[in-house]
Each structure stands twice: as structure tokens, then as C-alpha cells.
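**Student:** fold the following.
(2 chains, ligands or ions: 2)
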Amino acid sequence: MTVLREEGDVRLDTSAPSRVSLRLGPDAGAAYLVLQDDASADRVETDFDIRLAAGASLEMVFLSLRGEVLRNRIRVSLDGERASCSLNGLCLAGGSQQRDFDILLTHQVPACHSTQLFKSILGGGSVAHFDGLIKVVPDAQKTEAYQANHNLLVSDSARAHTRPQLEIYADDVKCSHGATVGRLNPDELFYMRSRGITLEEARLLQQLAFADEILEKIPVPEWQQRMRILVEECLR
Amino acid sequence: MNTLLKIENLHARVGEKEILRGIDLEIRAGEVHAIMGPNGSGKSTLSAVLAGRDTFTVTEGSVTYDGRDLLALTPEERSWAGIFLGFQYPTEIPGVSNVNLMKAAVAEHRKQRGLEPLGAAAFLKLMREKMAYVEMDSSFSSRGVNVGFSGGEKKRNEIFQMAMLEPRLAILDETDSGLDVDALRIVASGVNKLKRPDNAFIVITHYQRLLDYIVPDVIHVLYKGRIIKTAGRELALEIEEKGYDWLIHQSE
Ligand SMILES: Nc1ncnc2c1ncn2[C@@H]1O[C@H](COP(=O)(O)OP(=O)(O)O)[C@@H](O)[C@H]1O
Ligand SMILES: [Mg+2]
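**Tutor:** Ligands and ions are numbered 1, 2, ... in the order given. Below is the predicted model:
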């Protein structure tokens, strides 16, 4: 887990194996990159337990690139008013690999803001699961919460299971969620090929375009560029 | 002059629907051919078949390009061989910038000719030079391919890409439709700058007015998947005046 930014009272505890605990105090700010990219890993399961106090702001970008089974269980509790949390993730998988994101994000108090954007590019016989629940408790008025999960299947047998859910008990909220499962666009592929770009390269360009929306969420340009190169290497 | 493209008895269909029903056409280097015809005649289908779009199945006939069996080539191989299709409806590719599209395309074309990739400075110079051909602002290069472009900007982008790739046979599918007079002039002058004795153009259009700027050697009228008339440039004026009905009558 790479620290991209930490300001104020931030307590990150990674001492327990496969368990990350993160506490942001009032008005603290932090950004992290979680890179999971060990080709020899059979199974990596990580629990994230995250709490934000009033006015705190957190940005996280998860990149689940290489490794056989990668599972992330994320619990976020927005405990203080005006806290804001942005979770983003990109999964790449091929062969018999599996990628799981299981997310519960709870708006406990009014006027917090959360966004989630998770994307997967799945080839071979790989499988991705996305379970995302946004919970807004009765008092959490003026909540804004958004969640999206988009999957790109680049082979016939890859599968994406996606279950974005909202549980809203307050009435004055702005919430949305959505999920898509799609394939490479044949019109775009043909257009690129008609310009002399090989089918293989055209497929790659389309996948990089899909991935880039997540990479752009990395708030430090050098890291963003490094990760772009890494993702391209994985997709080639 | 030598034959660049020879289409013989070409039939093509989508699913069960036959769209091209026996097309014969021969184009020599240095020529400009215009194809006209009412909507739904098969003009875009013919261009797509020549560019290698697999939604259409060729059921009969042959296409020889520069002595090779064109129909046996993949779309990218056709591009390397010098075929360029200017799309009637250029595809939008969100997330792939114009500059990256052209970088990949030019690099592949050079690779096929055994050349090293262009250096960054040389490539940008080339981009700038060719964008100037169509009076395209350099801000377009970092934008997603055709994303949010107006109709006219998309068509200019097609001509820009053509200028970058310097094809031997360019097929321009209604590049003029939806353009105002200024844009039309820009597009036409882009084409005229690229005209050489060793390349050829197929210009598909509805309107005589484009042919005021790009002067064709031959005009063909396509109707229901067949060429029903081939004549000199004066035919365009006649069509402008009288429409297609008299030609359709003659052919039936
Ligand atoms: N992908 C397709 N599926 C079904 N029908 C098609 C398809 N593409 C074209 N057609 C049909 O083929 C005919 C010729 O279309 P097109 O080649 O676009 O004509 P034009 O360019 O001359 O207007 C039309 O009847 C059109 O509806
Ligand atoms: Mg058409």
C-alpha cells in the first residue's frame, strides 16, 4: 500500500497480516494506492476497515493486476459530517484467475459524500465478483453517494458477477448506482484496423482506454504514469 | 496507365439480404471516380466491403487491387497496402486520443515498410503539417477520436488521417454531406493536395457541388446494388437537374 498523501491525524495500521485498519481524524486527508501485482500469489485476501471523522477526505485506488485469486473486503464508515470518500479500483484477470470486491460503505451521519468506481477487464476463463452495498442510515440527510461497476469481457468464457446495492433510510439524499458488462466494440476495432492498426493493438488500445478512467483517479502524476505503463505491460 | 483496382461481378450480403448485386468497376492510377446514387443503393456497403468490414459477406465475384486478391486481406493489411476509407459516419472512440490513434497507425505503417518509428519531434511536426491541410486546430489531437466533434469536424478528421497515411486508393464515403461551403472547400482542397499520378480516389457523394471542387474523371450511378450508368463529369449536372428517376427508368 503506497501512501500518496497524508495530512493531519491519519492512523494507518498494516501490522496484522491481510488486515488494514485506517482512521482519519477530523479534517484529515489521505490518498493511497493499493497495488496487488504478485504473479506468483495464489490467494491474497485483504480486509480494509476504514473510518472517517468529520471533514476528513480519503481517496483510494486499488489495482488488482497479477495473481491467481485476489479478494478485497472493504468496510467504510463515514462517522463525521462532511467526510468524503472516493474508492476506485481496476481488476485485470485472465486464465482461471478470480477477482472479488466486497464493499460496504455506510453513511452514518448527514452531509457526507462518497463515490465508488470499479472496473474489470476479464479474459480467458477468469471471473470477477463485485458486491457493493451503500447504506444510508435514517439520520444521514444530505448524503451524496455514487457507485458504479463496469466490466469488459475480452474473451467468450470470462464472467462478471456484479451486485451494486443501495439501502437508504434517509429521504433527502442523492444516490445512484449502476453496473455494466460489455465487450470490445467491433465498430471501434474496425475503425482502428482500417487505419492500419493490428487487431491485437486495437484491442489493447480499447482496453487501455477503458482502464484509463481508473488510472486518472491516481492523484499523483508520476504514480499515474508508472501505473499506466504497468497496466499496459499486463495487458500485452 | 495501370489498373489499380478491378472489381468484377461483386455480390455481397448482410445475413439473407443481398445488397451488392454484381458490381464491375475498374480504376487506374491517377483517376478520380465519383459514385452517386439514391440512399440505400449500396454505396456505403461497397466502401465497407473494400475496406474489409466483416458484417458483409461477399458471395460472388472478385476484387483485385494492385495485382493482389484484396478480399483475402484483413482490414489492417488493406490499410498497409494503401487503401483508406473515409467513413460516412466516423466512429467515436472514447479514451483513445487522436494523437495516439495516429501514432499507432503511423508506427505500424512504417513497421510494415521496414522503417524505424518516427521520433516524437518528427511525428508532431508531421501531425501539425497535416492538420494544417484541413485547418484543424491542434487542440483536436489530444481529444478522444471523434468524441464530441461536430459533423464537419469529424469529416475533416477523416481527411487529416488520410493525409497522414498517404493512401494509394482513398474511398471517401459522403465526406461532403453535412458540410457548409467553407468546410467543403477545406475538405476538397485537402483531397486535391494529395492527388498524385500514382494514386486514385473514389468519391461517394450525393451532390454535384463537391464535384465542382474535386473534378472526377468518371461518374458511376449505383442503384439497388448495381451500377446503372457510367459517364463523364457532365452526368453530375444532369443528375443535379433531373434527379435519378430517368436513369432508374432507363435501366429497368
Ligand atoms: N448492417 C446492415 N444490416 C442490414 N442491412 C444493412 C446493413 N448495412 C446496410 N444495410 C442495407 O443495405 C442497403 C444499402 O445500404 P448502404 O450501403 O448504406 O446504402 P447507401 O450508402 O447507398 O445509402 C440499405 O437497404 C440498408 O438498409
Ligand atoms: Mg451511405
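
**Student:** check which helix or strand the residue of chain B at minimum distance from ligand 2 maps to.
**Tutor:** With C-beta to the ion, the shortest gap between chain B and ligand 2 falls at B:Ser44, namely 3.2 Å. From N, CA and C alone the C-beta is placed, and that goes for glycine too. The secondary structure element spanning B:Ser44 is helix B:43-51 (assigned by DSSP states H and E).

**Student:** which residues touch that helix?
**Tutor:** Taking contacts as C-beta atoms under 8 Å, 6 or more residues apart in numbering or on different chains, the residues outside helix B:43-51 that touch it are A:190, A:194, B:5, B:10, B:12, B:14, B:19-20, B:23, B:35, B:37, B:55-56, B:58, B:63, B:70, B:75, B:78, B:83, B:85, B:88, B:171, B:173-174, B:202, B:204, B:222, B:225.

**Student:** rewinding a little: gap between the residue of chain B closest to ligand 2 and B:Leu73?
**Tutor:** The gap separating B:Ser44 from B:Leu73 is 20 Å, by C-beta to C-beta, to the nearest Å.

**Student:** check B:Lys229 too.
**Tutor:** Using C-beta to C-beta, we find B:Lys229 at a distance of 30 Å from B:Leu73.

**Student:** same drill for those two, tell me which one is more crowded.
**Tutor:** More crowded of B:Lys229 and B:Leu73, by other C-beta atoms under 10 Å in any protein chain shown: B:Lys229, with 20 against 17.

**Student:** neighbours around the nearest residue to A:Val20 once chain neighbours are set aside, how many?
**Tutor:** Distances taken as C-beta to C-beta, 6 or more residues apart in numbering or on different chains put A:Phe48 closest to A:Val20, at 4.8 Å, once the chain neighbours are dropped. Residues near A:Phe48, counting by other C-beta under 10 Å, number 20.

**Student:** residues contacting A:Phe48?
**Tutor:** Neighbour list for A:Phe48: A:Val20, A:Leu22, A:Asn72, A:Arg73, A:Ile74, A:Arg75, A:Val76 [criterion: C-beta under 8 Å, 6+ apart].

**Student:** that one: what secondary structure?
**Tutor:** strand (DSSP: H, G, I helix; E, B strand; the rest coil).

**Student:** for it, give the beta-bridge partners.
**Tutor:** A:Phe48 has these beta-bridge partners by DSSP bridges: A:Val20, A:Ile74.

**Student:** against ligand 1, how distant is it?
**Tutor:** Noted for A:Phe48: a distance of 48 Å to ligand 1, by C-beta to the nearest ligand atom, to the nearest Å.

**Student:** go on, A:Asp47?
**Tutor:** A:Asp47 sits 50 Å away from ligand 1, taking C-beta to the nearest ligand atom as the criterion.

**Student:** and if you look at B:Glu135?
**Tutor:** Shown here: B:Glu135 relative to ligand 1, a distance of 27 Å by C-beta to the nearest ligand atom.

**Student:** check A:Arg51 too.
**Tutor:** With the distance defined as C-beta to the nearest ligand atom, A:Arg51 ends up 54 Å from ligand 1.

**Student:** that residue: what's its closest spatial neighbour, skipping adjacent residues?
**Tutor:** Beyond its immediate neighbours in the sequence, the residue positioned closest to A:Arg51 (C-beta to C-beta, 6+ apart) is A:Ser77, lying 4.9 Å away.

**Student:** list of residues touching the lengthiest helix in chain A?
**Tutor:** Criterion DSSP state H: the longest helix present in chain A is helix A:199-215. With contacts defined as C-beta under 8 Å, 6+ apart, helix A:199-215 is touched by A:61, A:63, A:88-90, A:92, A:117, A:119, A:121, A:150, A:152, A:154, A:184-185, A:188-189, A:192-193, A:197, A:224, A:227-228, A:231-232, A:235-236, B:74, B:76, B:93-96, B:100-101, B:104, B:108, B:144.

**Student:** ChimeraX command for the buried members of the contacts of helix B:43-51?
**Tutor:** Here is the ChimeraX command that picks out the buried ones among the contacts of helix B:43-51, judged by 16 or more other C-beta atoms under 10 Å in any protein chain shown:
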select /A:190,194 /B:5,10,12,19,20,23,35,37,56,63,70,75,78,83,85,88,171,173,174,202,204,222,225
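
**Student:** check which element follows the helix or strand in which A:Gly178 is found along the chain.
**Tutor:** If you go by DSSP H and E, A:Gly178 is part of strand A:173-183. Next along the chain after strand A:173-183, taking DSSP H and E as the criterion, comes helix A:186-194.
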